[in-house]
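J.: Coordinates for the following, if possible.
(chains A and B)
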Protein chains: 2
Amino acid sequence: MPRAEPTPAPQDFDRVLSSMCTEPHPAAREAAVAFLADNPGDPATYPAVADLETEAIDALGEVVGLDDPHGYVGSGGTEANIQAVRAARNLADGDVNVVAPESAHFSFQKAADVLGVELLLAPTDDDHRADVDAVADLADDDTALVAGVAGTTEYGRVDPIPALADVAADVDARLHVDAAWGGFVLPFTDHDWSFADAPVDTMTIDPHKMGQAPIPAGGFLARDAETLDALAIDTPYLESDTQPTLGGTRSGAGVAGTHAALDALWPEGYRDQYERSQANADYLAAELREHGYDVVDPVLPLVAADLPDAEFEALREDGWRISRTATGELRVVCMPHVTREMLDDFLASLSGVGNV
Amino acid sequence: MPRAEPTPAPQDFDRVLSSMCTEPHPAAREAAVAFLADNPGDPATYPAVADLETEAIDALGEVVGLDDPHGYVGSGGTEANIQAVRAARNLADGDVNVVAPESAHFSFQKAADVLGVELLLAPTDDDHRADVDAVADLADDDTALVAGVAGTTEYGRVDPIPALADVAADVDARLHVDAAWGGFVLPFTDHDWSFADAPVDTMTIDPHKMGQAPIPAGGFLARDAETLDALAIDTPYLESDTQPTLGGTRSGAGVAGTHAALDALWPEGYRDQYERSQANADYLAAELREHGYDVVDPVLPLVAADLPDAEFEALREDGWRISRTATGELRVVCMPHVTREMLDDFLASLSGVGNV
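T.: Have a look, this model is predicted:
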């Protein structure tokens, strides 16, 4: 096989501001390495990692305010969002639609294509949150699912979940909350977002994002067993009966890493991290404003700001891993690996390119 | 979080005969650990692992006889089979069906449910291979995809791929080959199974099975770029344009591990492993026959044999990880971690429980 010379090195996180993933917690990394070859998708062959998954789901239930959670650790938030839509579709009759705010992650577009459902996107309000009236206008008798986002990808906004639950109830639809990124910071805020705050049916919460678990570790949680039943496919030759997951073979590293991260960090470690990340976001927002940029106030640890294309490109040239919202704003995700020093370096680079 | 005491340990492979996964090659394990936090689903942030994926796909093309392969390393064979069906559905018009042999992996049932297509299963012949006439009888104008298996899950059989290609061509359908398990042993056999042997459109070939890469590493390969185009969803805020994968975030460990395994093993290391595994399967088959069991001849390194339920259960009690076909036969998958010594231990255990 032809080889790249030199062999590429893993990404150094020193200049990564665009990712919603991060360096795993040391205990989570260690567990992932230990369970790298285990397959929780085959619990009769790999019972230990299956036990870890049961415990991890129970612990995730604590994070999201659910006493008796049903769910699993899958490949990521996209899988979990697809599964939420799939369960809603399978539990409904005939052609169905899904109503979500336009701030919903593009995985809902993927889910719509994969599952053959219509996706109706409602505009957001002036603060980039779902406009409840607009969602209500789109919801109808064919609506199987209303989706809200608790920590949007672009602006870190938290949709008004209880109000969206009312909309869902009005049309006899299910309610899904995508807390893929926000789920491990929201417990330390005053937002209403969880299974305890509203009649949420399903939720996406990714340990491999703010949960500090290694990739791949996406969480799919449901209030009722019927959700997983609606996803179950018979499984011969596995010595287990059915499989509700979207994938077959799954990552023992992700499951064991999730277990270890929750064990190490829930709740105080996550609280400390939230406070550090939020303080960093507030700091960056203040500094950017000071430099004259328009900034979208960070309600969670994610900063968006207007930045001319030439400056954006110059910062990428400088090695900064940054990305843009659909409308072109710089977005900086204050993940656990993003330190105050990194932000100061970034601000220094920004000052350097400000006149290009 | 409540903790299991003692903390469960990863599965010891000394008694694992049921899995189609295995211990990763040392070089693949090392690469996986190094790239544990990289996300090839976000190539603008993690360009190094994206480069490794490009090289790995080119190398997989060599394995499957395809000069200019299109594809990616995903979560596993289930994802790849779903994607093959999805591409065929998206490239066709209206309601479609998929025709596969009844020996097809249960992931095709999952694909049918997820994607809303009809799955038509044709009986197999006396040797557990797809019955081409039966497939032809089911295929019609609505058939978007004919699927064959190159290394079936239950009996390790290779369907007559060129004949299935003719059936597909007759109804203007695409042809998919599921070589999830078989793809890394078939290059060293005389079977016709690859892109070079027939007008195959898409293929599943899993590095994390016989390819000795770590989980999760499933390969999805296509002959033409239009296949991935048919799967592509727009991706704002990733600094890349579209995403054809089923998941969003993907495993750098799986991609880097695949690259490292191919670098270390293709082709001679895989050839040696095939020869060892096949010799072990032939040995086990002969010994089981000697003990009086009915054995399905292993054409690839997988042995199936009639075994009374009581003996099966006693072996499970002894710690052996074994599983059964849908009709109840023992199946032993001679993966790289399965040594002659393990098989002798297993045969000794079998002798011990033979009279329960």
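J.: Now do the same contact list for residue A:91.
T.: Neighbour list for residue A:91: A:144, A:174, A:226, A:227, A:230 [criterion: CB atoms under 8 Å, 6 or more residues apart in numbering or on different chains]. Quick note: C-beta positions are derived from backbone N, CA and C, even for glycine.
J.: backbone phi and psi for it, please?
T.: Residue A:91 has phi and psi values of phi -90, psi -10 when expressed as degrees, to the nearest 10.
J.: likewise residue A:150?
T.: Given degrees, to the nearest 10, the pair of backbone angles that residue A:150 has is phi -110, psi 80.
J.: Specify the beta-bridge partners of it.
T.: Beta-bridge partners recorded for residue A:150 (DSSP bridges): residue A:158.
J.: what's the spacing between it and residue A:128?
T.: Computed with CB to CB, to the nearest Å, the distance linking residue A:150 and residue A:128 is 13 Å.
J.: Output stretch A:100-110 as PDB - backbone C-alpha positions only.
T.: Output for stretch A:100-110, consisting of C-alpha atoms alone and laid out as PDB, is shown next (Å, rounded to 0.1, in the frame of the first residue of the first chain):
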ATOM      1  CA  ALA A 100     -38.300  21.300  13.800                       C
ATOM      2  CA  PRO A 101     -36.800  24.700  14.000                       C
ATOM      3  CA  GLU A 102     -34.500  25.800  11.200                       C
ATOM      4  CA  SER A 103     -31.800  25.800  13.800                       C
ATOM      5  CA  ALA A 104     -32.000  22.000  14.000                       C
ATOM      6  CA  HIS A 105     -28.800  20.100  13.100                       C
ATOM      7  CA  PHE A 106     -28.500  18.900   9.500                       C
ATOM      8  CA  SER A 107     -28.900  15.400  10.700                       C
ATOM      9  CA  PHE A 108     -32.600  16.000  10.600                       C
ATOM     10  CA  GLN A 109     -32.300  16.500   6.900                       C
ATOM     11  CA  LYS A 110     -30.400  13.200   6.700                       C
END
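J.: and it, anywhere near chain B?
T.: Yes - counting by CB under 8 Å from any CB of the partner chain, chain B has neighbours in stretch A:100-110: A:105, A:106, A:107, A:109, A:110.
J.: contacting residues around the closest residue to the first one other than its chain neighbours?
T.: Counting by CB to CB, 6 or more residues apart in numbering or on different chains, residue A:153 is the residue found nearest to residue A:105 once chain neighbours are left out, at 5.2 Å. Residues in contact with residue A:153 (CB under 8 Å, 6+ apart) are A:20, A:103, A:105, A:181, B:237.
J.: hang on, the earlier thing: how about JSON lines for the contacts of residue A:91, with pLDDT and distance to residue B:263 added?
T.: Below are the contacts of residue A:91 laid out as JSON lines (pLDDT from 0 to 100; distance: CB to CB, whole Å):
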{"residue": "A:144", "pLDDT": "98", "distance to residue B:263": "47"}
{"residue": "A:174", "pLDDT": "98", "distance to residue B:263": "47"}
{"residue": "A:226", "pLDDT": "96", "distance to residue B:263": "47"}
{"residue": "A:227", "pLDDT": "97", "distance to residue B:263": "42"}
{"residue": "A:230", "pLDDT": "97", "distance to residue B:263": "43"}
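J.: so after the helix or strand encompassing residue A:226, what's the next helix or strand?
T.: The secondary structure element spanning residue A:226 is helix A:225-229 (assigned by DSSP states H and E). Proceeding C-terminally, helix A:225-229 gives way to strand A:233-234 as the next helix or strand, assigned by DSSP H and E.
J.: same for that following strand, what does it pack against?
T.: Contacts defined by 3 or more CB pairs under 8 Å, 6 or more residues apart in numbering or on different chains; DSSP states H and E place strand A:233-234 against strand A:242-243, helix B:107-115.
J.: Give me the sheet partners of that strand and which way each runs.
T.: Here the strand partners of strand A:233-234, with direction, are listed using DSSP bridges: strand A:242-243 (antiparallel).
J.: Buried residues of the helix holding residue A:226, list them for me.
T.: Of all the residues in helix A:225-229, those buried under the rule 16 or more other CB atoms under 10 Å in any protein chain shown are A:227, A:228.
J.: which residues sit against it?
T.: For helix A:225-229, with CB under 8 Å, 6+ apart as the criterion, the contacting residues are A:70, A:71, A:72, A:87, A:91, A:201, A:202, A:222, A:244.
J.: which sections of the stretch 151-300 of chain A are below the confidence cut-off?
T.: Across the stretch 151-300 of chain A, residues meeting the criterion (pLDDT under 70) sit at A:238, A:240.
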